[in-house]
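sequence and predicted model, in that order:
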Amino acid sequence: MTVCDLTHAYHPTSGGIRTFIDLKRRYLLEHTPHRHVLIVPGERDEVEQGDRWTTIRIRSPLLPGGSTYRVFTSPGLVRDALEMTSPDVVELNTYYMPQEYRPAFAYRNAARAAGREVAAGVHYHTDFADSYVAAYTGPLSGALTPLARRYVRRILKRADFAMTLAPMFVEQLAGFGVEDVELVPQFVDLDLFHPTKASAAMRERAGAGPDDLLMAYLGRFDSEKHVDTLVEMVRQLPAEPRPVLFMAGAGPDREKLEAAASQTDRLVVSPYLQGKDDVATLLASADVYVTAGPHEVAAFSVVEAQAAGLPVVGVDAGGLRDRVHDGLGYLVPVDDAAAMAQRVSEAYRQRAAMGTRVREYVEKHYSWTRCYAQVVAAYERALVSA
């Protein structure tokens with residue numbers, strides 16, 4: 001079986017979707033005889049190949065506004081890439097983009113007409129209707145959100161399978177009229193992300209001494225992630241222990257964050273950490289993980305922080321409700337910087353006990369091989385039904 005992931009949300013500094021796809025490729029290559037294909041936008045047309053894997057980059061423009069994301073502009077080239085690699089399963093990771101789902105479904109339909117068993121489905125990483133459309137259309141959201149829900153429903157009804165890592169989305173999609181959504185268990189690489197990776201040198205690199213309160217945030221710098229709330233939160237923390245918020249990422253708010261960091265020793269702004277080893281070391285070396293974005297789904301960075309033994313302080317919204325349980329951290333109201341500062345202080349005081357509990361929790365619940373075994377089984381069922 002050849003599995004193809006198609007998405008615009010995969011590039012050198014992207015987050016959760018890239019993590020999901022990278023570990024899927026690793027699972028397919030190490031634990032199955034299957035092949036993996038990845039089709040993404042890129043700076044130039046490019047094909048990379050290895051033993052049972054292919055990555056195709058199609059020359060595409062950056063989104064305007066300082067985005068790090070590129071978008072396909074030619075559905076025909078996407079279709080050509082599918083025809084060239086001839087996958088049995090196509091998974092849409094950013095399902096709401098017509099230049100992605102249209103060539104995927106057209107490829108599937110043509111393959112079936114030729115007598116092949118091919119399935120095309122959706123991984124529901126993103127709450128397009130209720131989070132993106134509702135949050136970014138202002139006074140028009142009341143009219144546009146129901147239209148967006150119907151749009152999502154039409155796409156998923158054309159799909160042969162749908163899966164998600166977030167329990168809340170199974171219920172949400174049922175409300176849209178989409179049943180039989182596969183709930184995939186959350187996962188993390190438990191060997192890579194581990195408390196034993198802690199390093200005094202990494203704390204120093206992050207701007208913190210051994211007795212400081214080091215908070216970590218890894219992700220995009222934009223309004224969707226509510227990074228301004230994190231900056232205000234760190235301003236409101238007490239002077240002792242000295243608080244340091246280390247933010248690694250990229251995005252349109254980067255210059256604003258760098259300007260804020262130039263005015264205080266409480267904030268350090270860094271480019272994305274390119275290597276997963278550096279990410280694992282940073283998380284294990286920090287004291288608390290913080291995030292203010294209300295639209296998280298799988299919240300991969302949160303789960304990686306938990307595997308590293310960190311309590312998490314986040315917001316009471318989205319997928320964080322499924323990840324930050326009692327005793328493992330705290331959730332506060334969205335954009336309540338004062339409440340977040342208070343909970344960060346409490347998490348810091350309890351970091352040893354909380355860290356032990358959170359590591360035990362992820363060891364019990366977040367095996368990455370169990371997750372991908374279920375994903376592959378879902379592909380196989382979809383092909384049988386094709």
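Okay, I see it.

on the three-state scheme, Ser67 is what?
coil (DSSP: H, G, I helix; E, B strand; the rest coil).

for Ala111, same thing?
At Ala111, secondary structure determined by three-state DSSP is helix.

and for it, the neighbour number?
Using other CB atoms under 10 Å, Ala111 has 21 neighbouring residues. Using the backbone N, CA and C atoms, a C-beta is placed for each residue, glycine as well.

and the pLDDT for the residue lying closest to it once chain neighbours are set aside?
Distance criterion CB to CB, 6 or more residues apart in numbering; nearest residue to Ala111, sequence neighbours excluded, is Val118 at 4.0 Å. With respect to pLDDT, Val118 scores 98.

phi, psi of Val118?
Val118 adopts backbone torsions of phi -130, psi 140, taken as degrees, to the nearest 10.

helices and strands of the chain: which one bottoms out on pLDDT?
Every helix and strand of the chain was ranked by mean pLDDT, DSSP states H and E. The lowest is helix 134-136, at a mean of 57.

who's in contact with the residue nearest to Ala111?
Pro87, Asp88, Val89, Val90, Tyr107, Arg108, Ala111, Arg112, Leu383, Ala386 (CB atoms under 8 Å, 6 or more residues apart in numbering).

nearest to His325 among the residues you listed?
Val89 (33.2 Å; CB to CB).

now do whatever helix or strand Glu304 lives in: which elements does it pack against?
Using DSSP states H and E, the element containing Glu304 is helix 300-307. Counting contacts by 3 or more CB pairs under 8 Å, 6 or more residues apart in numbering; DSSP states H and E, helix 300-307 packs against helix 16-31, strand 213-220, helix 276-285, strand 288-290, strand 312-315, helix 320-323, helix 351-365.

and if we set it to 7 Å?
The contact analysis (3 or more CB pairs under 7 Å, 6 or more residues apart in numbering; DSSP states H and E) places helix 300-307 against strand 213-220, helix 276-285, strand 312-315, helix 320-323, helix 351-365.

the helices in the stretch 51-200 of the chain, which residues?
Using DSSP state H, counting those that start in this stretch, the helices of the stretch 51-200 of the chain run over 75-85, 98-113, 134-136, 141-158, 167-175, 200-205.

nearest to Ser345 among those helices would be which one?
So among the helices of the stretch 51-200 of the chain, helix 200-205 is nearest, using CB to CB, at 18.7 Å.

outside of that closest one, which residues touch it?
Under the criterion CB atoms under 7 Å, 6 or more residues apart in numbering, residues Pro210, Leu214, Thr281, Leu282, Ser285 lie in contact with helix 200-205.

quick one: buried residues of that helix?
Buried residues in helix 200-205, defined by neighbour count with 16 or more other CB atoms under 10 Å: Met202, Arg203, Arg205.

can I get that helix in PDB, CA atoms only?
C-alpha atoms of helix 200-205 as PDB (Å, rounded to 0.1, in the frame of the first residue of the first chain):
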ATOM      1  CA  ALA A 200      22.000  23.400  32.400                       C
ATOM      2  CA  ALA A 201      23.600  24.500  29.200                       C
ATOM      3  CA  MET A 202      20.200  24.700  27.500                       C
ATOM      4  CA  ARG A 203      18.800  26.700  30.300                       C
ATOM      5  CA  GLU A 204      21.600  29.100  30.000                       C
ATOM      6  CA  ARG A 205      21.000  29.300  26.200                       C
END
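
and it, what's its mean pLDDT?
Here the average pLDDT along helix 200-205 is 96.

could you list the low-confidence segments of the stretch 101-250 of the chain?
129-142 (pLDDT under 70).

let's see 90
The stretch 101-250 of the chain contains residues with pLDDT under 90 at 125-149, 152, 165-169, 171-180, 184-189, 220, 222-224, 250.

measure Leu282 to Ala201 for me?
Distance of Leu282 to Ala201, given as CB to CB, to the nearest Å: 11 Å.

repeat for Leu192
Leu192 is 18 Å from Ala201, where distance means CB to CB.

and the contacts of helix 200-205, which are buried?
Buried members of the contacts of helix 200-205, counted by 16+ other CB under 10 Å: Leu214, Thr281, Leu282, Ser285.

verify the contact between the first one and Leu245 for me.
No - the criterion here is CB atoms under 7 Å, and Leu214 misses it with Leu245 at 8.3 Å.

export the helices of the stretch 51-200 of the chain to CSV and tack on distance to Val362?
Output for the helices of the stretch 51-200 of the chain, formatted as CSV (distance: least, CB to CB, whole Å):
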stretch, distance to Val362
helix 75-85, 35
helix 98-113, 32
helix 134-136, 29
helix 141-158, 30
helix 167-175, 16
helix 200-205, 21
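
which of the ones you listed sits closest to Gly65?
helix 134-136 (12.2 Å).

residue contacts, Pro241?
Asp211, Asp212, Leu213.

show me which of these are buried.
Buried among those (16+ other CB under 10 Å): Asp212, Leu213.

check the offset of stretch 37-54 from the chain's centre.
Offset of stretch 37-54 from its chain centre (CA atoms, centre = their mean, to the nearest Å): 21 Å.

buried stuff in it?
Buried, per 16+ other CB under 10 Å, within stretch 37-54: Val37, Leu38, Ile39, Val40, Pro41, Gly42, Trp53, Thr54.

avg pLDDT for that stretch?
98.

dump it to PDB, restricted to CA.
The C-alpha trace of stretch 37-54 is given here as PDB (Å, rounded to 0.1, in the frame of the first residue of the first chain):
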ATOM      1  CA  VAL A  37       4.400   9.900  -0.400                       C
ATOM      2  CA  LEU A  38       4.300  13.600   0.700                       C
ATOM      3  CA  ILE A  39       3.000  16.300  -1.600                       C
ATOM      4  CA  VAL A  40       3.500  19.900  -0.400                       C
ATOM      5  CA  PRO A  41       4.100  23.400  -1.800                       C
ATOM      6  CA  GLY A  42       7.700  24.600  -1.900                       C
ATOM      7  CA  GLU A  43      10.000  27.300  -3.000                       C
ATOM      8  CA  ARG A  44      10.900  25.400  -6.200                       C
ATOM      9  CA  ASP A  45       9.700  22.200  -8.000                       C
ATOM     10  CA  GLU A  46      11.600  19.300  -6.400                       C
ATOM     11  CA  VAL A  47      11.400  15.600  -6.000                       C
ATOM     12  CA  GLU A  48      13.200  13.700  -3.300                       C
ATOM     13  CA  GLN A  49      13.200   9.900  -3.100                       C
ATOM     14  CA  GLY A  50      14.500   7.200  -0.700                       C
ATOM     15  CA  ASP A  51      13.700   3.600   0.100                       C
ATOM     16  CA  ARG A  52       9.900   3.500   0.000                       C
ATOM     17  CA  TRP A  53       9.400   7.200   0.400                       C
ATOM     18  CA  THR A  54       8.900  10.200  -2.000                       C
END
